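[1] Any chance you could fold what I've pasted below:
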Amino acid sequence: MALSRRGADTTALGGFGDPPPTGVPGFLPLTSGTPADAALPVKELAEAAAGVLGGPAATTAFQYSGVEGTPELREWIGRHEGVAADRVLVTNGALHSLSLVFDALLDPGDLVAVEDPVYPLALRVLGRSHVGYLPVPTGPDGLDTDALAAALEGGARPKVLYTVPDFHNPTGATLPAPARVRLVELAERYGFTVVADSPYRELRYSGDPVPQLSTDSDRVVRVNSFSKTLGPGLRLGWISGPPWLLPAVARLRANQDQHPSTLTQAIATALLTTPGRFDRITDDARALYGRRARALHAALGAALPGRIEAALPEGGLFLWAKVLDDDPDLRAARTRAHALGTDFGVGGHFSPPGGSGSPGYIRLGIGAVAEQDMATAVGRLAEALHPETPR
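    The predicted structure follows:
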């Protein structure tokens, strides 16, 4: 029996390194980007499901539905995104959205501009298309549009630019409004498509909101998901894109899984269309994550004074920290962290091909550690980074 070349390829880009141990009592992982259990609207989803299954149209939820998603859910997403419903396609989550968009846009050998550091699983999806990469430095204010402009002026011609503009994974940074305008201008001038992936956008717990990249431009595609608000187990995301792209994405989708779960869409729609419910869910989540982020930031200052540098993010699930030691061996420290009962993301795992490698940086996540456990988790992190220091 022979696999295809794609099936046999075990060299996929992107990942978070060796997985942490599982089933360890008291393990406190400071790496997780999963939403907090306490933030998931289990009761509200149960009520929505009961209403769907007990309602007069229950059998409809078990039938086939359209390739683009149910009209009701597309209408809600369109209002939420500020676009017409016919510019929305419902997917099985943000990674599925990226897969469809990249399949519609990219051929082998195309150049893709990506943030450095970058969300590693996006590299896995891009790797299926056998593209080249243009790393763009990304710091406290998000993607460096000056560096991108310089690369473009120097002759680089990406077909796509992939970005996480809101509470970036892994840095937690948000791209300022003027930089968003400039990015769209560069896309229109040089002919590339911006794919903006914003699953953390609803999770702002401080500061002022920043407008999304404008879909008035036909060079902007927005991807999002309910994974960080209603829960990743629903497997519901969406694409909002220009009219020239959506038909191609729909054709590709029809040849793969045909459509999202009709039942899941019906349950989500029932919750979303209950007045005020989604706002209450996201308000509660923002408050919870804000408390956790502040607790993590304070614990780092207390446990590692002068030895780590980290800004408090305004939203999202991640804090990007610089270990101030000379040439720290973060992979060895991560192994020690596992033995001590915690975990963190090594910066190098977020570096694209040709990127900086993010030496000395670590990503810390707040999704899986409760506020009251944050100091304990950070204490274990401090011991892993500096095992020679008495505690």
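
[2] can I see the domain layout of the chain?
    23-41+279-385, 59-272 (automatic domain parsing).

[3] if we compare those domains, which one ends up closest to Glu47?
    Of all the domains of the chain, it is domain 59-272 that lies closest to Glu47, at 7.9 Å by Cβ to Cβ. In this view, the C-beta of every residue, glycine as well, is placed from N, C-alpha and C.

[4] Rounded mean pLDDT for the closest one, please.
    Averaging pLDDT along domain 59-272 gives 97.

[5] Ala2 is nearest to which of the domains of the chain?
    domain 59-272 (19.5 Å).

[6] Just checking the distance from the closest one to the centre of its chain.
    Distance of domain 59-272 from the chain centroid (Cα atoms, centre = their mean, to the nearest Å) equals 10 Å.

[7] circling back to that earlier point, may I see the domains of the chain arranged in JSON lines, with distance to Ala48 as well?
    Output for these, formatted as JSON lines (distance: least, Cβ to Cβ, whole Å):
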{"stretch": "domain 23-41+279-385", "distance to Ala48": "9"}
{"stretch": "domain 59-272", "distance to Ala48": "4"}
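
[8] which one of these lies closest to Gly7?
    domain 59-272 (11.6 Å).

[9] Can you give me the buried ones in the top helix by length along the chain?
    In the chain, with assignment by DSSP state H, the single longest helix is helix 277-303. Judged by neighbour count using 16 or more other Cβ atoms under 10 Å, the buried positions of helix 277-303 are 277-278, 281-282, 285-286, 288-297, 299-300, 303.

[10] can you give me the strands for the stretch 201-350 of the chain?
    220-225, 237-240, 308-310, 318-323, 342-343, 345-346 (DSSP state E, counting those that start in this stretch).

[11] Tell me which of the ones you listed lies nearest to Ala122.
    Using Cβ to Cβ as the measure, strand 220-225 is the one of the strands of the stretch 201-350 of the chain that comes nearest Ala122, at 10.0 Å.

[12] hang on, Trp16 in a helix?
    Residue 16: Phe, not Trp. No. Per DSSP: H, G, I helix; E, B strand; the rest coil, Phe16 lies outside any helix segment and is coil.

[13] got a list of what the nearest residue to it once chain neighbours are set aside touches?
    Closest residue to Phe16 apart from its sequence neighbours, by Cβ to Cβ, 6 or more residues apart in numbering: His349 at 5.4 Å. By Cβ atoms under 8 Å, 6 or more residues apart in numbering, the residues touching His349 are 15-17, 120.

[14] quick one: pLDDT of His349?
    Looking at His349, the pLDDT reads 95.

[15] cool, and the one 3 residues further on?
    Turning to Pro352, the model gives it a pLDDT of 96.

[16] right, and Val136 touches Ala151 too?
    Yes. Look at Val136 against Ala151 with Cβ atoms under 8 Å: they come within range, at 7.2 Å.

[17] The two: which has the busier surroundings?
    Neighbours around Val136 and Ala151, counted as other Cβ atoms under 10 Å, are more numerous at Val136. The numbers are 25 against 18.

[18] For the residue found closest to Pro211 once you drop the neighbours it is linked to in the chain, the count of nearby residues, please.
    In space, and not counting its chain neighbours, Pro211 is closest to Ala177: 5.8 Å by Cβ to Cβ, 6+ apart. Ala177 has 14 neighbours, counted by other Cβ under 10 Å.

[19] Give me the below-cutoff pLDDT ranges for the stretch 251-391 of the chain.
    Counting by pLDDT under 70, the stretch 251-391 of the chain contains low-confidence ranges at 389-391.

[20] Appreciated, that's everything.
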